[in-house]
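Trainee: would you be able to build a 3D model of this:
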Amino acid sequence: MKHPIARLAASSLAIGSLATVGLGLLAGCGSSWTGLSSTPSVLEALSLPSAMADPYPLDLGRTWVYHSLDQNDGEAPQVAPDQKFSVSQQVLGGMVISRSYGNWEAPPTLARKTAESVVLSRYIASGPPATDSITILRFPLFVGESWPGRQLVGATERIEVAGFESVDVPAGRFEAWHLQHHLTYAAGGGDTLDYWYAPGVGMVQAIERATMLSGGQAHHYQVTASLATCSVTPN
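Mentor: Down below sits the predicted model:
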């Protein structure tokens with residue numbers, strides 16, 4: 001049986017969190033971008049010209065590996081299998097991202113990026129396209145901006161730009177946009193999923209939480225995924 005977070009990752013299109021690179025590792029992994037606001041007050045407040053760079057690069061051949069830690073019901077974190085994501089092919093409408101969690105191959109994701117947003121959905125090679133999707137980034141990025149997330153049964157989701165922060169991961173230190181996915185359950189309570197996207201780099205860290213009921217008891221799960229390595233295969 002897959003870990004509950006692995007099931008969550010598969011069902012929630014969590015690849016939105018884990019599909020990019022480490023700036024400290026590769027100078028060649030960055031790219032220019034015009035989807036972020038050039039409003040002087042925003043950039044002056046950040047004092048970081050790099051905030052204008054692409055927060056979600058999708059070049060064909062990129063591969064990222066993330067170290068993972070699992071934590072169940074508040075127990076000590078345990079080392080979990082690495083997570084690997086690769087931009088494997090270009091198709092009509094976007095880029096396909098292949099995903100694996102240790103030896104488990106997750107269903108691929110279709111990423112569609114424009115100057116306005118990054119939208120993720122299931123990639124289905126044949127047959128009708130997937131109907132589920134999520135806008136993980138909406139440009140321009142401003143701290144405090146928010147928008148609706150997925151359409152979920154028994155829950156609502158709202159995505160918020162929480163800040164622009166320093167993040168330390170095995171690949172190095174990054175200045176990154178902090179996005180929070182707030183889940184509110186119809187039965188009460190909720191969870192927060194946190195993602196950090198470094199401009200010119202992509203997602204460098206994710207902390208995903210899930211509350212699941214079993215035998216009338218609520219169980220709390222958390223996975224932290226931190227960027228470890230990146231490679232780019234020329235095409």
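
Trainee: tell me the contacts of L58?
Mentor: Contact analysis of L58 by Cβ atoms under 8 Å, 6 or more residues apart in numbering lists 19, 87, 95, 97, 111, 113. The C-beta positions use only the backbone N, C-alpha and C, and glycine is treated the same way.

Trainee: from L179, how far off is it?
Mentor: Using Cβ to Cβ, to the nearest Å, L58 is found at 17 Å from L179.

Trainee: alpha carbons only: can I get stretch 224-235 in PDB?
Mentor: C-alpha atoms of stretch 224-235 as PDB (Å, rounded to 0.1, in the frame of the first residue of the first chain):
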ATOM      1  CA  THR A 224       8.800  17.500   3.400                       C
ATOM      2  CA  ALA A 225      10.500  17.400   0.000                       C
ATOM      3  CA  SER A 226      13.700  19.400  -0.400                       C
ATOM      4  CA  LEU A 227      15.600  19.900  -3.600                       C
ATOM      5  CA  ALA A 228      18.800  17.800  -3.700                       C
ATOM      6  CA  THR A 229      20.100  17.700  -7.300                       C
ATOM      7  CA  CYS A 230      19.200  18.800 -10.800                       C
ATOM      8  CA  SER A 231      20.400  17.800 -14.200                       C
ATOM      9  CA  VAL A 232      19.600  19.100 -17.700                       C
ATOM     10  CA  THR A 233      19.800  16.900 -20.800                       C
ATOM     11  CA  PRO A 234      20.200  19.000 -24.000                       C
ATOM     12  CA  ASN A 235      17.600  18.300 -26.600                       C
END
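
Trainee: from the chain's centroid, how far away is that stretch?
Mentor: From the chain centre to the centre of stretch 224-235 is a distance of 13 Å (Cα atoms, centre = their mean, to the nearest Å).

Trainee: what bits of this protein have low per-residue confidence?
Mentor: Residues of the chain that meet the criterion pLDDT under 70 lie in 1-51, 234-235.

Trainee: now the helices: where do they sit in it?
Mentor: Assigned helices in the chain, in chain order: 4-11, 40-46 (criterion: DSSP state H).

Trainee: find the nearest non-adjacent residue to N103, please.
Mentor: Excluding the flanking residues, the one nearest N103 by Cβ to Cβ, 6 or more residues apart in numbering is P81, at 7.3 Å.

Trainee: thought the one you found was touching L69?
Mentor: No - the criterion here is Cβ atoms under 8 Å, and P81 misses it with L69 at 10.9 Å.

Trainee: mind listing what's buried in stretch 102-119?
Mentor: Neighbour-count burial for stretch 102-119, with 16 or more other Cβ atoms under 10 Å as criterion, is recorded at 106, 108-111, 113, 118-119.

Trainee: and stretch 80-89, by the same measure?
Mentor: Those would be 80, 83-88, for stretch 80-89 by 16+ other Cβ under 10 Å.
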